[in-house]
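S.K.: need a structure here:
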Amino acid sequence: MKFINKLLSIVVACLILSGCGTNIVYMKDANKLPDEVLSTANNPSEPYAMPGDLIQIVVSSRNPEAAKPYNKSTYISDISTTSTNNQDLQCYLVDNKGEIEFPVIGTLYIKGLSKAQIKELVLSKLYPNHLSELPSVEVRFKNFKVTLLGEVKSPGTITVTNERINILEAIAEAGDLTIHGEREKVRIVRTTADGVRTIHTINLNDPRLTLSPYYNLQQNDVVYVEPNGSKKRSSWSVPPALSLIMSSVGFVVSLVTLGFTIFK
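M.R.: As a prediction, the model looks like this:
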């Protein structure tokens with residue numbers, strides 16, 4: 001019995017030590033990188049239009065009546081202005097062809113275009129063909145979002161109002177990684193305007209994390225944090241056949257132990 005107790009103590013100690021090996025430090029030793037290296041970090045990239053995006057385009061002018069026909073809300077009736085933000089009515093859904101239907105102008109192909117490029121396209125259509133003076137055009141992505149799954153405390157989709165977010169900010173929005181999150185193997189699934197999906201793995205412990213082209217997330221990115229080794233081991237399931245054998249062995253051991261106790 002003493003041998004069995006010692007063996008159990010050793011097993012428990014090993015399990016505790018294996019669970020304490022998780023590295024939870026982000027960008028370890030990043031403060032040791034020289035400033036000239038950190039200065040090469042990538043700036044957040046501009047979002048670009050892809051099918052399924054909801055894009056707000058507002059045309060304004062010194063003469064509001066002149067710009068009115070080129071705003072979508074002009075053609076939407078029976079809507080209470082007290083309960084609906086007027087600018088929210090200026091949103092255009094990019095269809096599967098990468099096109100939107102713009103008032104008066106007609107169909108515009110904007111797939112793969114940045115905000116600045118969409119603005120220039122609309123301006124080129126309006127001035128001077130339809131408006132005698134150069135109008136103001138504001139473009140915003142209304143459904144800029146990223147999704148976090150796996151070993152984060154609050155998995156789900158995050159809507160980004162300022163159209164830019166990095167991996168650390170996204171993780172913070174999700175309540176940080178759990179203690180079981182594999183910080184060295186965080187996967188980012190990214191979809192291009194042409195529908196091509198790529199998967200890239202980043203290491204949150206890497207001091208050069210901010211230099212990665214995947215540090216700044218893009219709209220519709222999916223971030224997956226897989227469980228670390230201790231979580232995988234704890235979730236390991238015993239096959240039914242092995243479970244039956246173990247139960248039978250345990251029953252026999254119990255009978256033998258009981259016999260020794262009775263006839264001792």
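
S.K.: In this structure residue 152 contacts residue 176, no?
M.R.: Yes. Residue 152 is within contact range of residue 176, at 7.2 Å (criterion: CB atoms under 8 Å). In this view, the C-beta of every residue, glycine as well, is placed from N, C-alpha and C.

S.K.: These two: who's more crowded?
M.R.: residue 152 (21 against 15; other CB atoms under 10 Å).

S.K.: Need the pLDDT of the more buried one.
M.R.: pLDDT recorded at residue 152 is 96.

S.K.: Please name the residues that touch it.
M.R.: 171, 174, 175, 176, 177, 178, 181, 225 (CB atoms under 8 Å, 6 or more residues apart in numbering).

S.K.: Skipping its backbone neighbours, what lies nearest it in space?
M.R.: With sequence-adjacent residues excluded and distances taken as CB to CB, 6 or more residues apart in numbering, residue 152 is closest to residue 174, at 4.1 Å.

S.K.: from what I can see that neighbour touches residue 151, true?
M.R.: No. The criterion here is CB under 8 Å, and residue 174 misses it with residue 151 at 10.1 Å.

S.K.: what do the two both touch?
M.R.: By CB under 8 Å, 6+ apart, residue 174 and residue 151 have no common neighbours.

S.K.: what's the distance between residue 166 and residue 115?
M.R.: Distance of residue 166 to residue 115, given as CB to CB, to the nearest Å: 19 Å.

S.K.: Revised request: answer the last question for residue 89.
M.R.: According to CB to CB, residue 89 and residue 115 sit 19 Å apart.

S.K.: Check residue 102 too.
M.R.: For residue 102, the distance to residue 115 - CB to CB - is 15 Å.

S.K.: do the same with residue 97
M.R.: 20 Å.

S.K.: Neighbour count for those two, which is higher?
M.R.: Neighbours were counted for residue 97 and for residue 115 using other CB under 10 Å; residue 115 has more, 19 against 10.

S.K.: which residues does that one contact?
M.R.: Residue 115 neighbours (CB under 8 Å, 6+ apart): 46, 47, 139, 140, 141.

S.K.: Just the ones of those in strands?
M.R.: 139, 140, 141 (DSSP state E).

S.K.: that older thread, let me see the contact set for the residue nearest to residue 152.
M.R.: Neighbouring residues of residue 174 by CB under 8 Å, 6+ apart: 148, 152, 153, 154, 155, 156, 158.

S.K.: roughly how far apart are the spatially closest residue to residue 173 that is not a sequence neighbour and residue 72?
M.R.: With CB to CB, 6+ apart as the criterion, residue 173 has its nearest non-adjacent residue at 4.9 Å, and that residue is residue 158. Distance, residue 158 to residue 72, using CB to CB: 27 Å.

S.K.: And for residue 188?
M.R.: Distance of residue 188 to residue 72, computed by CB to CB: 34 Å.

S.K.: what number of residues lie near the closest residue to residue 110 other than its chain neighbours?
M.R.: Leaving out its chain neighbours, the residue that sits closest to residue 110 by CB to CB, 6+ apart is residue 49, at 4.6 Å. Residues lying near residue 49 (other CB under 10 Å) number 25.
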